[in-house]
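# The following block contains a protein sequence and its predicted model.
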Number of protein chains: 2
Amino acid sequence: MDTNLKDNIVKQFPQFEQALLGEILAQSTIKHIEEGDEILRTGQYIRSTILLLGGLLKVYREDDEGNEFLMYYLEPGNACALSMMCTARDEKSQIMVKAVLPSEIILVPQHLTELWLSKFKSWHNFVIASYRQRFEELLQTLDSIAFKALDERLVFYLKRHVQVSGEEIRLSHQQIATELNSSREVISRLLKKLEQTKAITLHRNYIEVHDLELF
Amino acid sequence: MDTNLKDNIVKQFPQFEQALLGEILAQSTIKHIEEGDEILRTGQYIRSTILLLGGLLKVYREDDEGNEFLMYYLEPGNACALSMMCTARDEKSQIMVKAVLPSEIILVPQHLTELWLSKFKSWHNFVIASYRQRFEELLQTLDSIAFKALDERLVFYLKRHVQVSGEEIRLSHQQIATELNSSREVISRLLKKLEQTKAITLHRNYIEVHDLELF
DNA sequence: CATCAACTGTAACAACTGTCACTGAACTAC
DNA sequence: GTAGTTCAGTGACAGTTGTTACAGTTGATG
């Protein structure tokens, strides 16, 4: 069991040095998360850094009125950059993190995250790389909201979904509308238009993506 | 002259330890920037970390068609987080940085930024704090674009401007429209509405802000 | 099979934003 | 002062998105 776990960590985080792997195994908690469970809520204190071992997480923003929009997805081998950015003093989360699929996460206590930065070069690099990657993804999301009309944002959203979970997108129109902070009717309308161009086929509860490259 | 410079750095970056100050003075370049000058362009290679000693910089995003929108302002004592995030390999800038006022910047060569992280605790903390602060500001900007109508975004924009440069906002309607990725006529219309509520007074080339707290 | 709930399709309408066209006011340079 | 330029104000109109209202479809359950 423990050997399996170690193999799995090595597989998802091949860049970590041996000593770091040892510390992770010794000091952190592995947790299984059900689909739909919330891992982090806005306003909640962050006490651990989250590493994703298996499954799929979505990171999104929610405002006072319950509106939300998707920031990005985290795949196995990724970490939640924001949870690494909190220093010793307790910081509150600015974001929501929810499991899209049943997932396995590693929880590293905050004080270790800090310590490891100077202790392990591979950890340091991982943290920097994570920051940067997430910042870039956030900028892309920002671009799509700022510069693009909803039809283009929808295509951008579908493409990203294909990347993380294949050509069969198992979502209702309502779910998509929520993640884009729009409304169901509008999304239905736009999806219908996309279907007419043969880029996708609509079904109940899932969308089949043929080719979105032209958009 | 050099003593003046050191005093100035100490004033803007009081948290830096002595040894770090020494290295900054010895190894980095001080540069004077004229109002309107571009310090970093999208696609350009980043070779230095930028610390702001005096003046005011704006950090914004620009798309292929020349549309832009404001991400945030940098004030003296701040640093460009993105320019710190680049590791040894040459990374291209994802953003534009331009001087809003005549400014003094410190350019720290990339390899030192990296080195100092492990060498100086105060530098390390500064970098982490900068990342975090910028990420939060970016999230706020994102919120305002995603959740708010243009009238609210305009108020948010004006408020931020008051924070960095006082109650007299020296901008034309066209400049505001550009930074919000909107159009001049629309901004004029909304500003006029705001003026009618006595929150602001409009003049040629500047706006006088009385009270925006209600919005 | 009957019923119910969730999901999807659509039409009509309203609100917001962007665009076009034009006017006038303020400042600049000669 | 005059001409030219930049800036601001305004009305009309078009396109996009959100809202309301309702109908039809699918799938689950008893």
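Received the coordinates, thanks. Numbers count the residues shown, from 1 in each chain, chains lettered A, B, ... in the order given.

# distance of the residue of chain A most remote from its centre from DNA strand C?
In chain A, the greatest distance from the average C-alpha position (Cα atoms, centre = their mean) is reached by residue A:196, at 30.8 Å. Separation of residue A:196 from DNA strand C (Cβ to the nearest atom of the strand, to the nearest Å): 9 Å. To be clear about C-beta, it is placed using only N, CA and C from the backbone, and glycine gets the same treatment.

# Quick check on that residue: phi, psi?
phi -60, psi -30 (degrees, to the nearest 10).

# With residue A:61 instead?
As for residue A:61, its main-chain torsions (degrees, to the nearest 10) stand at phi -110, psi 140.

# wait, what's in contact with it?
Contacts for residue A:61 (Cβ atoms under 8 Å, 6 or more residues apart in numbering or on different chains) come out as A:42, A:68-69, A:71, A:94-96, B:139, B:142-143, B:146.

# all strands for chain A, in order.
Here chain A has its strands, by DSSP state E, at A:29-33, A:38-40, A:48-54, A:57-62, A:68-74, A:96-99, A:103-109, A:168-169, A:200-203, A:206-209.

# can the helix or strand of chain A with the lowest mean pLDDT be found next to chain B?
When each helix and strand of chain A is scored by mean pLDDT, DSSP states H and E, helix A:81-85 comes last, with a mean of 83. Yes - counting by Cβ under 8 Å from any Cβ of the partner chain, chain B has neighbours in helix A:81-85: A:81-82, A:85.

# how much space is there between the residue farthest from the centre of chain A and chain B?
Distance of residue A:196 to chain B, computed by Cβ to the nearest Cβ, to the nearest Å: 27 Å.

# that older thread, would you list the contacts of residue A:61 in JSON lines and tack on pLDDT?
Output for those, formatted as JSON lines (pLDDT from 0 to 100):
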{"residue": "A:42", "pLDDT": "89"}
{"residue": "A:68", "pLDDT": "92"}
{"residue": "A:69", "pLDDT": "92"}
{"residue": "A:71", "pLDDT": "94"}
{"residue": "A:94", "pLDDT": "84"}
{"residue": "A:95", "pLDDT": "91"}
{"residue": "A:96", "pLDDT": "94"}
{"residue": "B:139", "pLDDT": "92"}
{"residue": "B:142", "pLDDT": "93"}
{"residue": "B:143", "pLDDT": "94"}
{"residue": "B:146", "pLDDT": "95"}
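
# any chance of the residues you listed in JSON lines, plus distance to residue A:158?
Formatted as JSON lines, the contacts of residue A:61 follow (distance: Cβ to Cβ, whole Å):
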{"residue": "A:42", "distance to residue A:158": "26"}
{"residue": "A:68", "distance to residue A:158": "18"}
{"residue": "A:69", "distance to residue A:158": "15"}
{"residue": "A:71", "distance to residue A:158": "17"}
{"residue": "A:94", "distance to residue A:158": "27"}
{"residue": "A:95", "distance to residue A:158": "23"}
{"residue": "A:96", "distance to residue A:158": "22"}
{"residue": "B:139", "distance to residue A:158": "24"}
{"residue": "B:142", "distance to residue A:158": "21"}
{"residue": "B:143", "distance to residue A:158": "24"}
{"residue": "B:146", "distance to residue A:158": "18"}
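
# Can you tell me which of those residues has the largest number of neighbours?
The member of the contacts of residue A:61 surrounded by the most neighbours (other Cβ atoms under 10 Å in any protein chain shown) is residue A:71, with 24 neighbours in all.

# which ones are touching that one?
For residue A:71, the contact set (Cβ under 8 Å, 6+ apart) comprises A:59-61, A:95, A:137-138, A:141, B:142.

# at 6 Å instead, please
Residues in contact with residue A:71 (Cβ atoms under 6 Å, 6 or more residues apart in numbering or on different chains) are A:59-60, A:138, A:141.

# for residue A:153, same thing?
So residue A:153 contacts residue A:144 (Cβ under 6 Å, 6+ apart).

# Residue A:79 is in contact with residue A:134, correct?
No - in this structure, residue A:134 is not within contact of residue A:79 by Cβ atoms under 6 Å, at 8.9 Å.

# Show me what from chain A comes close to DNA strand D.
Residues of chain A lying near DNA strand D by Cβ under 7 Å from any atom of the strand: A:149-151, A:181-183, A:185-186, A:190, A:204.

# switch the cut-off to 6 Å
Taking Cβ under 6 Å from any atom of the strand as the measure of proximity, chain A contacts DNA strand D at A:149-151, A:182-183, A:185-186, A:204.

# Name only those of the residues you listed that count as buried.
A:150, A:182 (16 or more other Cβ atoms under 10 Å in any protein chain shown).

# and the angle from the helix ranked longest in chain A to strand A:48-54?
Criterion DSSP state H: the longest helix present in chain A is helix A:121-147. Counting by axes from the mean of the first three to the mean of the last three Cα atoms, to 10 degrees, helix A:121-147 points 90 degrees away from the direction of strand A:48-54.

# got the buried residues for helix A:121-147?
A:122-124, A:126-128, A:130-132, A:134-135, A:137-139, A:141-147.

# These: which ones sit near chain B?
A:128, A:131-132, A:139, A:142, A:145-147 (Cβ under 6 Å from any Cβ of the partner chain).
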